[in-house]
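Colleague: I would like the atomic coordinates for the input below:
(chains A and B)
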Amino acid sequence: MEKILSVKNLTKKFKRIVVNNISFDVEKGNVYGLLGPNGSGKSTTFGMLLSTINPTSGDWYWFGKKGTDPDTLKRIGAIIEQPNFYPYLSAETNLKIVAEIKGTPSERINEVLQTVGLLERKKDAFKTYSLGMKQRLAIASAMLNNPEVLILDEPTNGLDPEGIIQIREIISNIAKQGITIIIASHLLDEIEKICSHVIVLKEGNSIYCGRVDEMTANNGYFELKADNNTLLLNALNELQWFTAVNQDGEILKAQVRDDASISASSLNQRLAEQGIFVSHLTKKKMSLESQFLELVKNTK
Amino acid sequence: MIKLLKLEYYKNLNYKPFKIFTILYFAILIALLFIGLIDFDLFGGTINLKEQGIYNFPEIWNFTTWIVALLKIFLGLIIVFSISQEFSNRMFKQNTIDGLSRKEFISSKLLTISIFTIVSTVIVFAITMFLGYQYSKTTESAKVFEEIFFIGNYFVKLFTFFCFLMFLSILLRKSVFVFLALFIFWIGEGILSGVEVYMKVRGMQGPQRNEVLQNDFFITHLLPLESMSSLIPNPMMRLNMAKMMGMKYEFHYPTESMVACLVWCVIFIIGSYWILRKRDW
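Modeller: Below is the predicted model of the structure:
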């Protein structure tokens, strides 16, 4: 796979160490989530990769080229922290400035405004926009130069549910075009819905970088229910496929062992052979949230 | 170059303080140049600056450039506002992320400064020429062009002042702090040069003292504001009134101040660039 970005031993010290020796690679065409609680160094990392913050030590390569120069930045689209525009200028003029900086023809302006649904409001001053509109304009601006990679730092921060859905739809449409996306968020379900890969930061350290589903060696769990739960519980315990079987109200939760691989139908068959007929059976993956918490816990 | 010009054009065209102060500046500037045509009531008598010879070649160059330079703070306001809003709106950061280099940012601001300085200089030059040919006692070309270097000095004076403001704006990022710093700087320079003069003439008597004050070299004269103001000395001694009172006007071309100003420009520009590079945004 072609590497879009390769970070090696990146460190930033302000008064304390904010980013500690992190390394990761970003491959073309994937959607990466940069996870971590507030203050784990996500924005600082982006700042360094986008040349607004000077690193203390470490290197990175964009498209195989060391560091970040203005020409590299013209191949990247980025939204950081909050949408930044000249408040007294219209959306159109603001985008004209961005187009001028990036060297993009200004015909693109109407196209991107159309994509984010702001074409009718293009003559209005930026300061009259709602937060959701501002955020959408920021995405339009980042998309202006047809970037090869898109960086989004907390794109849904402070938005109402409708705004969040709009932004999520825009992002997944962009992802479908094959653009590499790196998205930072502390909202895990947000990342889970969009990302294929994650980079997990904790107190400035990168503790995981890879596919979402390989994040923890965990095969998920079953939720089951039968008319006679005691019988079901005994049967499950005898099967030796599970590390633990717990009762949670009416529902039984059976944790699949790391070395076992069972489908819901084979489990159902086995239970039926023993004369137990379940009224409820689902195989569930651990949510990103619980995986994340487990990962963070394990690296203490 | 065209790109940077366009950027500044988009950024400033609809910026209210920019529009207001630009119009105000050029209106007051033009009005002020015609000040000699008005009669003042002063100390019971009427004073007409034209009668006092401010429109005579070659003194006119000294008078007009000095008077108009008093207005430079208006243009300075525009420059401070338009640069510090880049920081308060976080637009410098955004511009950088979009791919504008630090060099381009500084160049675009220098471009605005240069345009202001050039336009202001050209207006002063044109109006001075007009007033001179209209009202001067003499219009022989030797006299007309004798002190035309004041126009050059005016240009350098303005340019240095604006570079200074650009530097302060980038350093402090808030317009209020910039004006405060400018004020403190002004007072500070005054104190320093007072101290230097005091040290040099301590214990000296009348004539000897004057001798030192006239001919000695003062390091504090090389400070930015001091050297800017020495480029165009106060011309009030050249009024007919002063001549009648027997005051002697002596003028030497301020070469050291000119060199000092140019050096300060370079320091301010490089300093600004250095701050943009070194700081985390």
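Colleague: So which bits of chain A are right by chain B?
Modeller: Chain A comes close to chain B at residues A:14, A:47, A:50-54, A:69-71, A:73-74, A:78, A:80, A:82, A:84-89, A:93, A:96-98, A:100-103, A:141, as judged by C-beta under 8 Å from any C-beta of the partner chain. C-beta here means a position set from N, CA and C on the backbone, and glycine is covered the same way.
Colleague: From those residues, which land in helices?
Modeller: Per DSSP state H, helices hold the following members of the residues of chain A next to chain B: A:47, A:70, A:71, A:73, A:93, A:96, A:97, A:98, A:100, A:101, A:102, A:141.
Colleague: Name the nearest residue to the fourth one, sequence neighbours excluded.
Modeller: Translated: residue A:73. residue B:99 (3.8 Å; C-beta to C-beta, 6 or more residues apart in numbering or on different chains).
Colleague: Can you give me the neighbour number for that neighbour?
Modeller: If you count neighbours by other C-beta atoms under 10 Å in any protein chain shown, residue B:99 ends up with 24.
Colleague: any idea which helix or strand comes after the longest helix seen in chain B?
Modeller: Assignment by DSSP H gives helix B:102-135 as the longest helix of chain B. Using DSSP states H and E, the helix or strand that directly follows helix B:102-135 along the chain is helix B:141-146.
Colleague: continuing past that following helix, what's the next helix or strand?
Modeller: Downstream of helix B:141-146, the first helix or strand assigned by DSSP H and E is helix B:149-172.
Colleague: Check which helices and strands the following helix or strand past that next one sits against.
Modeller: Following helix B:149-172 in sequence order, the next helix or strand is helix B:175-201 (DSSP H and E). In this structure, helix B:175-201 packs against helix B:72-88, helix B:149-172, helix B:206-215, helix B:224-231, with contacts taken as 3 or more C-beta pairs under 8 Å, 6 or more residues apart in numbering or on different chains; DSSP states H and E.
Colleague: just checking, what packs against the longest helix of chain B?
Modeller: Here helix B:102-135 touches helix B:2-13, helix B:16-33, helix B:59-69, helix B:72-88, helix B:91-98, helix B:149-172, helix B:255-278, going by 3+ C-beta pairs under 8 Å, 6+ apart.
Colleague: Excluding its own residues, what touches the third one? List them.
Modeller: Outside helix B:59-69, the residues within contact range by C-beta atoms under 8 Å, 6 or more residues apart in numbering or on different chains are B:29, B:32-33, B:35, B:49, B:53-55, B:120, B:124, B:127-128, B:131-132, B:136, B:147-151, B:153-154, B:157-158, B:232-235, B:238.
Colleague: please redo it, this time with the cut-off set to 7 Å
Modeller: Outside helix B:59-69, the residues within contact range by C-beta atoms under 7 Å, 6 or more residues apart in numbering or on different chains are B:29, B:32-33, B:35, B:53-54, B:124, B:128, B:131-132, B:136, B:147-148, B:150-151, B:153-154, B:157, B:232, B:234-235, B:238.
Colleague: quick revisit: please check the residues of chain A next to chain B and keep the buried ones.
Modeller: Buried subset of the residues of chain A next to chain B (neighbour count, 16 or more other C-beta atoms under 10 Å in any protein chain shown): A:47, A:50-53, A:70, A:73-74, A:78, A:80, A:84-89, A:93, A:96-98, A:100-102, A:141.
Colleague: from the middle of its chain, how far away would stretch A:271-286 be?
Modeller: Computed by C-alpha atoms, centre = their mean, to the nearest Å, the chain-centroid distance of stretch A:271-286 equals 33 Å.
Colleague: Then stretch B:257-268?
Modeller: The chain centre lies 13 Å from the centre of stretch B:257-268; the measure is C-alpha atoms, centre = their mean.
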